[in-house]
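J.: predicted model and sequence below, questions to follow.
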There are 2 protein chains.
Amino acid sequence: MKLIKGNFIYSIDKDNIEVKENQYALIKDGKIEGFYSEIPENLENIEITDYKDNIIIPGLIDLHVHAPQYAFRGMGMDMQLLDWLNTYAFKEEGKYRDLEYAKKQYSKFVNDVKNSATTRLSIFATLHKEATIMLMDLLEEAGIKAYVGKVNMDRNAPEFLTEDTEKSKEDTIDWLEETKDRYENIKPILTPRFIPSCTNNLMTEINKINDKYNIPVQSHLSENPSEIEWVAELHPDTNNYAQAYDKYNLFGKENKTIMAHCVHCPDDELDLIKQNNVTIAHCPQSNANLTSGIAPIKKMLGMGIEVGLGSDIAAGSSLSIFRAMSDAVQVSKLREAMTGEANQILTLSEVFYLGTKGGGKFFGNVGSFGKGYEFDAVVLNDESFGDNSNFTLKERLERIIYLSDDRNIVAKYVAGKKII
Amino acid sequence: MKLIKGNFIYSIDKDNIEVKENQYALIKDGKIEGFYSEIPENLENIEITDYKDNIIIPGLIDLHVHAPQYAFRGMGMDMQLLDWLNTYAFKEEGKYRDLEYAKKQYSKFVNDVKNSATTRLSIFATLHKEATIMLMDLLEEAGIKAYVGKVNMDRNAPEFLTEDTEKSKEDTIDWLEETKDRYENIKPILTPRFIPSCTNNLMTEINKINDKYNIPVQSHLSENPSEIEWVAELHPDTNNYAQAYDKYNLFGKENKTIMAHCVHCPDDELDLIKQNNVTIAHCPQSNANLTSGIAPIKKMLGMGIEVGLGSDIAAGSSLSIFRAMSDAVQVSKLREAMTGEANQILTLSEVFYLGTKGGGKFFGNVGSFGKGYEFDAVVLNDESFGDNSNFTLKERLERIIYLSDDRNIVAKYVAGKKII
């Protein structure tokens, strides 16, 4: 047990932010036990860490990130999805067959994640089994919690990045067997890249693997009009893109599933997302960089759909989920300004929820400071922005979301364990 | 004379970026004399600074920034223009009648500008003469070059921030007289806040002052539909917002003029901008934050209109003109995605031009490294982003635009003088 003192700010739900000013949080077995204004009498001899006037928020959650694209983030930002994949992303991912290259680049990625405000992620690796395990090892060592997926892709990519269907299946099973019980923090997630990358045979095999191993699933959905047309051609028996996953049982229901983007979902697709309890990873910067558009997040939240945020490195340039929060507000305003549709604008409370508790749900009781929640926390010092004495704690939180970088992070906890 | 060695990258025009890899720039009297691959024989004994593999670009230009709003940047980002002005901006600006408060806040602003990649700015102060002079003094001392404007506003603001018309005129004249010949780096700029803030009498007086002092002008134009309607009501004799400035000779022609925003200009207004040689300050982040919309910059550039970038602190949260460059690309893509209109997307070359040579034109031969240009330069180390050995200098520039912050700045020159 330990006590941590400071100014705690966290989401109750999408519309409500709770502020515990200058209080003690009691952490027991890595979980929040409760808050106290004074040290309780029976706890006078336990360890206390006093973060004084600093702000303490739940660790941020990145629901969609391509670790092997980190090396070229902030480049090639003049293309749309399918061109960009062919020119940049696939070429770089091909290099991860070389374990030495993978170690160098993944070490940089993991180091930067460790020093960021993010505590949990759902990550795409590459199709390479060994490099994927290396990434999992590095994340485990850094104390980050993550789902990591060996990517499956057996068509519509360059030859050097296309798997044989049978090999894709075997490698996936080997990867799951080899990493079983290997980690405290890292779990596998099935990762068919997206429908155009996976033959029907491969999807059938992934479905069988899922029946056996019963693990979560992640992929991409309805990012770009050309991609959606392509999926409709590949699966003429479907009414929407989501059905192409759903017919292989890889779209929510018993399997927790993250679908990234969902910029252009028709209504029946949104209904299926809701019905199957699929979580959407909203990636606003990526959707701007690749000219995809602006997802109707306000509508999704109104429908009760689960939504979190994703950096989507490297289609998104920034690893920061604070940046994803402010981007989400900004693009929602541009959606309202450009379409003229009312009620599109996301509030501060909503984006703070998306980047913490909204995404955190995928990991369990994570992303908030309610009783029983795992204590993932970031301690932030905002003095570098200037005098903060005139501002409320909520105003200081807003400024942290818009302005902070890793220099503002004083300490970081994952499930109660201090990692920086 | 001195030689500076490194990798120089600069705009020739909006479509062409020049790269001088591993060369020597000869600086004479603060201006670029030329580039050399080897040290010329007759220059072997002059001072050489070798920036090795670092990238050297022209100093960035911020054409629109409200210095007295810096203290609350990144806050109150849930309102539109007119509400935001009343709730946040006016209240804060009122505090600048207190010189002690002004000194504290302006010192922070100037210090952060000094440590940024920006070398020149056009700045709105407040209506307070003394505080405006203090800001000019602080900028001069920091070695930054800037136009600074004492704001004129005699209506439609809270009483504590509304001038008597006659006093506004007198204070403006006093301010101009008191600062004449006082600075090496700082110049005054006439700053009627925007049409709704200035009575016809005040506009007439500002016009007279301009006839006498012949200095540049800055203001706001066509940011928001409600504002545009309001101006049409206030000036029923005009066909567009710009004419309300133009009828007082405060819209280009003989007076260099910056108009911020121009998100919703009708065609005849764009024609007048072009005809009068008015410079537009594009402020993409501000226009998102205040739900203003996305300015059609590609169209303006196609018409040959002069355009630069503005941070528009505090409607824009970030002081960084690199951020304004990447924001400009991103919102132009969203403009294309949301309107379906073709040819809206700004290229890397175009936004690099806007943030350097495009804005720099307002200051003379500034913002490029052509012969005779003033040597404003930023030296950037991009090693923190990871191994850069596989990337071209242009790719490294793109990554700097998307990812850098003040930690990447190794040195900074203004008109040949090293200031950090």
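T.: Received, thanks.

J.: run through the bridge partners of A:Phe35.
T.: A:Phe35 forms beta bridges with A:Ala25, as assigned by DSSP bridges.

J.: and it, what does it touch?
T.: Counting by C-beta atoms under 8 Å, 6 or more residues apart in numbering or on different chains, A:Phe35 touches A:Phe8, A:Lys20, A:Gln23, A:Tyr24, A:Ala25, A:Leu26, A:Phe369. Bear in mind the C-beta positions are built from the backbone N, C-alpha and C, glycine included.

J.: how close does it sit to A:Tyr24?
T.: A:Phe35 sits 7 Å away from A:Tyr24, going by C-beta to C-beta, to the nearest Å.

J.: and A:Pro58, by the same measure?
T.: A:Pro58 is 17 Å from A:Tyr24, by C-beta to C-beta.

J.: so which of the contacts of A:Phe35 comes closest to chain B?
T.: Top of the list for closeness to chain B, among the contacts of A:Phe35 and by C-beta to the nearest C-beta, is A:Phe8 at 19.9 Å.

J.: how about the closest one, secondary structure?
T.: Three-state call for A:Phe8 (DSSP: H, G, I helix; E, B strand; the rest coil): strand.

J.: same thing with A:Glu223?
T.: Of the three states, A:Glu223 takes coil under three-state DSSP.

J.: how many other residues sit next to it?
T.: 27 (other C-beta atoms under 10 Å in any protein chain shown).

J.: got the contact list for the closest residue to it other than its chain neighbours?
T.: With sequence-adjacent residues excluded and distances taken as C-beta to C-beta, 6 or more residues apart in numbering or on different chains, A:Glu223 is closest to A:His261, at 3.9 Å. Listed by C-beta under 8 Å, 6+ apart, the contact set of A:His261 reads A:220-223, A:280-283, A:286-287, A:292, A:295, A:312.

J.: on that earlier part again, so between A:Pro58 and A:Tyr24, which is more surrounded?
T.: Neighbours per residue, other C-beta under 10 Å: of A:Pro58 and A:Tyr24, the larger number sits with A:Pro58, 30 against 23.

J.: and that one, what are its bridge partners?
T.: Under the criterion used (DSSP bridges), A:Pro58 bridges to A:Ala377.

J.: what sits against it?
T.: A:Pro58 sits in contact with A:10-11, A:119, A:356-357, A:360, A:366-369, A:373, A:376-378, where contact means C-beta under 8 Å, 6+ apart.

J.: who wins on neighbours among those?
T.: A:Thr119 (32 neighbours).

J.: any chance you could map the strands in the stretch 101-250 of chain A?
T.: A:118-124, A:145-149, A:151-152, A:186-188, A:191-192, A:217-221 (DSSP state E, counting those that start in this stretch).

J.: one step back: just the contacts of A:Pro58 now: which is nearest chain B?
T.: For the contacts of A:Pro58, the minimum distance to chain B (C-beta to the nearest C-beta) is 16.3 Å, reached by A:Ser11.

J.: which SS class is the closest one?
T.: Secondary structure, three-state DSSP: A:Ser11 is strand.

J.: show me what contacts it?
T.: For A:Ser11, the contacting residues are A:Ile17, A:Glu18, A:Pro58, A:Ser349, A:Phe352, A:Tyr353, A:Thr356, A:Lys357, A:Gly358, A:Gly367, A:Ser368, by C-beta under 8 Å, 6+ apart.

J.: and those residues, which two are furthest apart?
T.: Largest separation among the contacts of A:Ser11 by C-beta to C-beta: A:Glu18 and A:Gly358, giving 15.2 Å.

J.: looking at these two, which is more packed in?
T.: The neighbour comparison of A:Glu18 against A:Gly358 (other C-beta under 10 Å) goes to A:Gly358, with 27 against 14.

J.: pLDDT value on that one, please?
T.: On the pLDDT scale, A:Gly358 is placed at 98.

J.: mind checking the SS state of the nearest residue to it once chain neighbours are set aside?
T.: Distances taken as C-beta to C-beta, 6+ apart put A:Gly308 closest to A:Gly358, at 4.7 Å, once the chain neighbours are dropped. The local conformation at A:Gly308, judged by three-state DSSP, is strand.

J.: burial count for A:Gly308?
T.: Residues lying near A:Gly308 (other C-beta under 10 Å) number 30.

J.: cool, A:Asp78 as well?
T.: A:Asp78 has 17 nearby residues by other C-beta under 10 Å.

J.: again, but for A:Leu234
T.: Look at A:Leu234: counted by other C-beta under 10 Å, it has 17 neighbours.

J.: tell me who's in contact with it.
T.: Counted by C-beta under 8 Å, 6+ apart, A:Leu234 has contacts A:Ile195, A:Pro196, A:Ala244.

J.: re earlier: and which of the contacts of A:His261 is nearest to A:Asn240?
T.: A:Ser222 (7.9 Å).

J.: quick check: which element contains the residue of the stretch 301-420 of chain A found nearest chain B?
T.: Nearest residue of the stretch 301-420 of chain A to chain B: A:Tyr402, at 3.3 Å (C-beta to the nearest C-beta). Secondary structure assignment for A:Tyr402, by DSSP states H and E: helix A:393-403.

J.: now that helix: average pLDDT?
T.: 97.

J.: name the helices or strands packed onto the longest helix along chain A?
T.: Determined from DSSP state H, the single longest helix within chain A is helix A:321-339. Here helix A:321-339 touches strand A:60-66, helix A:284-289, helix A:297-302, strand A:306-309, helix A:348-353, helix A:393-403, helix B:284-289, helix B:321-339, going by 3 or more C-beta pairs under 8 Å, 6 or more residues apart in numbering or on different chains; DSSP states H and E.

J.: adding distance to B:Gly30, write these out as JSON lines.
T.: Formatted as JSON lines, these follow (distance: least, C-beta to C-beta, whole Å):
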{"stretch": "strand A:60-66", "distance to B:Gly30": "46"}
{"stretch": "helix A:284-289", "distance to B:Gly30": "38"}
{"stretch": "helix A:297-302", "distance to B:Gly30": "50"}
{"stretch": "strand A:306-309", "distance to B:Gly30": "47"}
{"stretch": "helix A:348-353", "distance to B:Gly30": "46"}
{"stretch": "helix A:393-403", "distance to B:Gly30": "34"}
{"stretch": "helix B:284-289", "distance to B:Gly30": "32"}
{"stretch": "helix B:321-339", "distance to B:Gly30": "21"}
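
J.: got the contact list for the one residue in the stretch 51-200 of chain A that gets nearest to chain B?
T.: Nearest residue of the stretch 51-200 of chain A to chain B: A:Gly74, at 3.3 Å (C-beta to the nearest C-beta). Residues near A:Gly74 by C-beta under 8 Å, 6+ apart: A:Ala314, A:Ser317, B:Phe385, B:Glu398, B:Arg399, B:Ile401, B:Tyr402, B:Leu403.

J.: just flag the most distant two among those residues.
T.: A:Ala314 and B:Ile401 (14.6 Å).

J.: residue closest to the middle of chain A?
T.: For chain A, the residue nearest the mean C-alpha position is A:Leu63 (1.4 Å; C-alpha atoms, centre = their mean).

J.: pretty sure it is touching A:Thr257, no?
T.: No: with contact defined as C-beta atoms under 8 Å, A:Leu63 does not count as touching A:Thr257 (11.1 Å).

J.: which neighbours do the two have in common?
T.: Joint contacts of A:Leu63 and A:Thr257 (C-beta under 8 Å, 6+ apart) are A:Thr279.

J.: the helix-or-strand element of chain A with minimal mean pLDDT packs against which elements?
T.: Every helix and strand in chain A was compared by mean pLDDT, DSSP states H and E; the lowest is helix A:81-84, with a mean of 78. Where contact means 3+ C-beta pairs under 8 Å, 6+ apart, helix A:81-84 is packed against helix A:225-234.
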